[in-house]
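1. Take a look and give me a structure for this.
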Amino acid sequence: MPQATATLTAPEKAPAAAARRGAGTSEFGPLLRTVKEQGLLDRRTGWYARGITVNLLALTAVAVGLVLLGPTWWALPLAVPLALFSARAAFVGHDAGHSQISAHRRRNRAIQLVHANLLLGMSQEWWNDKHNRHHAHPNHLEKDPDVAADILVFAQHQTAGRTGLRGWLTRHQAWLFFPLTTLEGIALKVYGFQALFSADGPYRTRRDRLVEGALLCAHVAGYATLLLSTLTLGQALVFALIHQMLLGLHLGMAFAPNHKGMEMPDAHPDGDSWGHLRRQVLTSRNIRGGAVTDWFLGGLNYQIEHHLFPSMPRPHLRLAQPAVRAHCRTLGIPYTETGFVESYRQALGHLHEVGEPLRTAA
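-> Below you'll find the model as predicted:
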């Protein structure tokens, strides 16, 4: 998802511990009790089992369609549903990483390994390490890897010294944002293999590295075998390009509006002292919508609720929203929720504003 994405993490240990310590007096404590009393932190294993089964059947149907059509350019439209269902796999992997699916760590890990490594070719441990840091310090320029200066920058002081190609990208980053997200599907695979062969990668044991490496290689081999055995080389390359570009765009659309243009804790004198509630609510943006929006964005349109309760099952996020909104209103904490289009306008407007110094100097 532009810097990503999105979203695969381990359970929220630190926030949960902090919430338990201050549940009686903190701003977050009363909300946590309300959510627990409503049973919204209880797992929805059956809901996920049905969703995972349907998605795996859909992915299988696309593969069967490729086999039945054979080497023809008419097979290329199948790249569209393959991208949609691949994104669904990413959302399942994300939820498993947050322990939303099962109370058993090994079961969540197995589900995530299948959906991230095997189906997407993305390293589970690399993503978990990155995404855990994002959840702990969202939108913090020094601590959140998702807003570290890279191809994109997220604060005007990050533009200093950017010349040449990087300077040009920064000047036009708002216009280039969505085109750049089309590369995200490929980038996630590259980052995963880089972590795999890095001496200081996030893998805790040699066995973890070997398991992840085997699944990543199995993904590449299986993907290449499917396309090259059903299509000509040229058709396979075009199909893969369309599939990966649409997957990246889809994931980018799911993750882009969540935090871009929202508060940055290190820009406030007291930002580092914000409690869990303020840190997560002030840096996050929700997107209004119905069942279609929930499906297309994988529940990440309830970004505030997700950040407050990372282990909350996806179907419960919308149920928790009224309590979260009311609690924020009582405390006078801004609760940001916009329409689908407006969310992108705000996010891209922020990126355009950040690039202003370089455009003025050009």
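
2. what are the ranges of the helices in the stretch 101-250 of the chain?
-> In the stretch 101-250 of the chain, the helices defined using DSSP state H, counting those that start in this stretch lie at 105-112, 119-120, 124-136, 164-171, 173-181, 184-196, 206-230, 233-255.

3. hey, which of these is tucked in deepest?
-> Comparing the helices of the stretch 101-250 of the chain by mean neighbour count (mean count of other C-beta atoms under 10 Å), helix 119-120 ranks first with a mean of 24. For every residue, glycine as well, the C-beta is placed using N, CA and C.

4. Tell me who's in contact with the nearest residue to T182 once chain neighbours are set aside.
-> Nearest non-adjacent residue to T182, counting by C-beta to C-beta, 6 or more residues apart in numbering: M245, 4.0 Å away. With contacts defined as C-beta atoms under 8 Å, 6 or more residues apart in numbering, M245 is in contact with 182-183, 185.

5. As CSV, these with distance to P313 would be great.
-> Converted to CSV, the contacts of M245 look like this (distance: C-beta to C-beta, whole Å):
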residue, distance to P313
T182, 31
L183, 31
G185, 26
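
6. re earlier: which stretch among the helices of the stretch 101-250 of the chain comes nearest D146?
-> Among those, the nearest to D146 by C-beta to C-beta is helix 124-136 (4.8 Å).

7. How far does that closest one sit from its chain's centre?
-> 10 Å (C-alpha atoms, centre = their mean, to the nearest Å).

8. Which elements pack onto that helix?
-> Secondary-structure packing of helix 124-136 (3 or more C-beta pairs under 8 Å, 6 or more residues apart in numbering; DSSP states H and E): helix 13-21, helix 79-97, helix 184-196, helix 206-230.

9. Sketch out the low-pLDDT regions of the stretch 1-150 of the chain for me.
-> 1-25 (pLDDT under 70).

10. repeat that for 90
-> Applying pLDDT under 90 to the stretch 1-150 of the chain flags residues 1-26.

11. Need the phi and psi values for the closest residue to A75 other than its chain neighbours.
-> Leaving aside its chain neighbours, A75 sits nearest to L69 (4.4 Å; criterion: C-beta to C-beta, 6+ apart). Recorded main-chain torsions at L69 are phi -70, psi -40, according to degrees, to the nearest 10.

12. okay, the helices of the stretch 101-250 of the chain in JSON lines with distance to L348 next?
-> Shown next, in JSON lines, are the helices of the stretch 101-250 of the chain (distance: least, C-beta to C-beta, whole Å):
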{"stretch": "helix 105-112", "distance to L348": "31"}
{"stretch": "helix 119-120", "distance to L348": "26"}
{"stretch": "helix 124-136", "distance to L348": "20"}
{"stretch": "helix 164-171", "distance to L348": "14"}
{"stretch": "helix 173-181", "distance to L348": "5"}
{"stretch": "helix 184-196", "distance to L348": "16"}
{"stretch": "helix 206-230", "distance to L348": "32"}
{"stretch": "helix 233-255", "distance to L348": "12"}
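
13. right, and those helices - which one's nearest H316?
-> H316 lies closest, by C-beta to C-beta, to one member of these: helix 105-112, at 16.5 Å.

14. where's the closest one relative to the chain centroid, distance-wise?
-> 18 Å.

15. Check which helices and strands it sits against.
-> Packing partners of helix 105-112 (3+ C-beta pairs under 8 Å, 6+ apart): helix 79-97.

16. So which elements touch the helix it packs on?
-> Short answer (3+ C-beta pairs under 8 Å, 6+ apart): helix 79-97 packs on helix 45-69, helix 105-112, helix 119-120, helix 124-136, helix 233-255.

17. Export that helix to PDB, keeping only CA atoms.
-> Extracted in PDB, the C-alpha atoms of helix 79-97 (Å, rounded to 0.1, in the frame of the first residue of the first chain):
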ATOM      1  CA  ALA A  79      -6.100 -10.700 -14.300                       C
ATOM      2  CA  VAL A  80      -8.800  -8.300 -12.900                       C
ATOM      3  CA  PRO A  81     -10.600 -10.800 -10.600                       C
ATOM      4  CA  LEU A  82      -7.200 -12.300  -9.700                       C
ATOM      5  CA  ALA A  83      -6.100  -8.900  -8.400                       C
ATOM      6  CA  LEU A  84      -9.300  -8.500  -6.500                       C
ATOM      7  CA  PHE A  85      -9.100 -11.900  -4.800                       C
ATOM      8  CA  SER A  86      -5.300 -11.500  -4.200                       C
ATOM      9  CA  ALA A  87      -6.100  -8.300  -2.300                       C
ATOM     10  CA  ARG A  88      -8.600 -10.300  -0.300                       C
ATOM     11  CA  ALA A  89      -5.800 -12.700   0.600                       C
ATOM     12  CA  ALA A  90      -3.700  -9.800   1.700                       C
ATOM     13  CA  PHE A  91      -6.500  -8.600   4.000                       C
ATOM     14  CA  VAL A  92      -6.800 -12.100   5.500                       C
ATOM     15  CA  GLY A  93      -3.100 -12.200   6.100                       C
ATOM     16  CA  HIS A  94      -3.300  -8.800   7.700                       C
ATOM     17  CA  ASP A  95      -6.000  -9.900  10.100                       C
ATOM     18  CA  ALA A  96      -4.200 -13.100  11.000                       C
ATOM     19  CA  GLY A  97      -1.100 -11.100  11.800                       C
END
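
18. For that helix, buried residues please.
-> 79, 81-97 (16 or more other C-beta atoms under 10 Å).

19. Next, the contact list for G271, please.
-> Counting by C-beta under 8 Å, 6+ apart, G271 makes contact with 140, 263-265.

20. Which pair in these has the greatest spatial separation?
-> Within these, H140 and E263 form the most distant pair, 10.2 Å apart (C-beta to C-beta).

21. if we can go back for a sec, ok, so of the contacts of M245, who is nearest W127?
-> G185 (13.4 Å).
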